[in-house]
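In: Got a predicted structure here, sequence first:
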Amino acid sequence: MTMIDSNTLTLKIGTRGSPLALAQAHETQRRLSLAHHIDPAQIEIVIIKTSGDMIRDRALSEAGGKGLFTKELDIALLAGEIDLAVHSAKDMPTLMPEGMEIAGYLPREDVRDAFISARAANLLELPQQASFGSASLRRQAQALRLRPDLKPALLRGNVETRLEKVESGACDCTLLALAGLKRLGLAHRATHILDIAEFLPAVGQGAIAITAREGDARVAAALAPILDMETTQALIAERAFLRVLDGSCRTPIAGYARHHHGRLQFRGEILSTDGAQSFDVIFVGRPEDAARLGEDAGHELLARTPPELLSHR
């Protein structure tokens with residue numbers, strides 16, 4: 001294994017420029033500096049604007065999907081302009097570009113969604129035909145499953161922008177990842193925390209993914225002390241599930257794996273966009289078999305799901 005000389009260790013972390021992305025990059029920087037007992041100044045944060053940041057007038061599913069938040073960071077990484085990149089794991093495309101890998105994940109935050117509204121204490125108490133702002137088909141479908149009268153509306157922008165739009169009355173409610181609110185010190189803005197039983201999270205929700213060049217032993221050695229094995233195993237299962245379904249922004253898909261008494265429990269779900277139909281699967285297995293567990297769950301759900309729910313794959 002490559003040895004790290006803390007006296008000479010320098011790293012460049014690539015990140016998007018949103019407040020949440022920067023909070024995640026600074027968290028990575030902090031953990032690296034503590035693990036190697038070095039000055040945080042030895043770890044530079046490089047802000048890179050992505051296509052996803054520049055497209056605000058339509059859903060990502062109409063503009064190219066999840067890769068819009070990673071493309072420019074991938075290019076910088078492969079060109080050697082940065083040493084690693086930090087991402088929200090749920091924004092990661094299903095397949096990684098050649099020459100790159102997900103090196104691992106930081107310990108996972110709370111995976112639940114938070115209900116945000118100035119008009120009601122929870123989703124069920126909203127007035128009839130209230131507007132539901134979101135860019136996530138999963139969240140829209142899960143909300144419509146409970147409240148089919150809601151009127152979906154596109155809501156894009158960073159966390160603060162979406163909070164402001166709800167509080168100003170531009171839309172009646174939205175759902176946001178509780179993990180993001182916590183990382184920004186905004187958890188108190190949540191009106192209600194949703195139960196995972198009804199609102200299964202997106203694959204990767206609450207996890208910070210770190211990408212690096214394949215075969216970069218120096219960066220791998222630097223990252224090793226801060227990566228979390230339980231989170232990595234859970235995400236291996238979740239992403240394997242998503243690969244089998246060929247999941248994208250165009251299909252409402254949810255998936256969540258967690259460790260429980262030495263076993264890895266996985267639950268996956270597919271919904272129709274209007275929430276009227278949903279199909280789920282639960283698999284339990286050994287953590288070291290995470291990839292096979294996710295794949296088996298994906299194949300099982302694929303066999304039970306009507307083809308029309310996956311017609312846009």
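Out: Arrived safely, thanks for sending.

In: For the nearest residue to R16 once chain neighbours are set aside, give me the pLDDT.
Out: Nearest residue to R16 in three dimensions, chain neighbours excluded: T50, at 5.6 Å (Cβ to Cβ, 6 or more residues apart in numbering). From N, CA and C alone the C-beta is placed, and that goes for glycine too. On pLDDT, T50 comes in at 73.

In: Low-confidence bits of the stretch 1-150 of the chain, can you list those?
Out: Where the stretch 1-150 of the chain drops to pLDDT under 70, the residues are 1-3, 51-68.

In: where do the helices sit along the stretch 51-200 of the chain?
Out: Using DSSP state H, counting those that start in this stretch, the helices of the stretch 51-200 of the chain run over residues 51-54, 71-78, 137-146, 159-167, 178-183.

In: hmm, back to that, tell me how many other residues crowd the residue nearest to R16.
Out: T50: 23 surrounding residues under other Cβ atoms under 10 Å.

In: so it sits right up against I75, yeah?
Out: No. T50 lies out of contact with I75 (Cβ atoms under 8 Å); the separation is 10.0 Å.

In: before we move on, back to that, adding distance to A153 and mean neighbour count, write the helices of the stretch 51-200 of the chain out as CSV.
Out: Listed next are those as CSV, based on distance: least, Cβ to Cβ, whole Å; neighbours: other Cβ atoms under 10 Å:
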stretch, distance to A153, mean neighbour count
helix 51-54, 19, 16
helix 71-78, 27, 19
helix 137-146, 10, 22
helix 159-167, 10, 17
helix 178-183, 20, 22
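
In: okay, those helices in a markdown table with distance to A35 next?
Out: What follows is the helices of the stretch 51-200 of the chain, written out as a markdown table (distance: least, Cβ to Cβ, whole Å):
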| stretch | distance to A35 |
| --- | --- |
| helix 51-54 | 30 |
| helix 71-78 | 21 |
| helix 137-146 | 34 |
| helix 159-167 | 28 |
| helix 178-183 | 19 |
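
In: all strands for the stretch 51-200 of the chain, in order.
Out: With DSSP state E, counting those that start in this stretch as the criterion, the stretch 51-200 of the chain has strands at 84-88, 100-105, 113-117, 131-133, 151-153, 173-177, 192-193.

In: helices and strands around the fifth one, which ones?
Out: Put plainly, it is strand 151-153. Contact here means 3 or more Cβ pairs under 8 Å, 6 or more residues apart in numbering; DSSP states H and E; on that basis strand 151-153 packs against strand 131-133.

In: Recalculate using a threshold of 10 Å.
Out: Contacts defined by 3 or more Cβ pairs under 10 Å, 6 or more residues apart in numbering; DSSP states H and E place strand 151-153 against strand 131-133, helix 137-146.

In: same deal with the fourth one?
Out: Strand 131-133 makes packing contacts with helix 137-146, strand 151-153, helix 159-167, strand 173-177 when contacts are defined by 3+ Cβ pairs under 10 Å, 6+ apart.

In: quick one, what contacts the residue lying closest to L227 once chain neighbours are set aside?
Out: Nearest non-adjacent residue to L227, counting by Cβ to Cβ, 6+ apart: G104, 3.4 Å away. Contacts of G104 were listed using Cβ atoms under 10 Å, 6 or more residues apart in numbering, and they are 207-212, 220, 223-224, 226-229, 231-232, 235.

In: Tell me how far R218 lies from A41.
Out: 19 Å (Cβ to Cβ, to the nearest Å).

In: nope, G285 is what I meant
Out: 44 Å.

In: out of the two, which sits in the busier spot?
Out: Neighbour count, other Cβ under 10 Å: between G285 and A41, G285 has more, with 18 against 9.

In: so that one sits right up against R292, yeah?
Out: Yes. G285 is in contact with R292 according to Cβ atoms under 10 Å; the separation is 7.3 Å.

In: Find the residues that touch each one of the two.
Out: A237.

In: if we can go back for a sec, can you say which of the strands of the stretch 51-200 of the chain is nearest to V159?
Out: With Cβ to Cβ as the criterion, V159 lies closest to strand 173-177 of the strands of the stretch 51-200 of the chain, at 6.2 Å.

In: Check which residues of the closest one are buried.
Out: Neighbour-count burial for strand 173-177 flags 173-177 (criterion: 16 or more other Cβ atoms under 10 Å).

In: Give me the sheet partners of it and which way each runs.
Out: Here strand 173-177 is paired, per DSSP bridges, with strand 113-117 (antiparallel), strand 131-133 (parallel).

In: What angle do helix 159-167 and the longest one make with each other?
Out: Between strand 113-117 and helix 159-167, the angle formed by their directions is 40 degrees, by axes from the mean of the first three to the mean of the last three Cα atoms, to 10 degrees.
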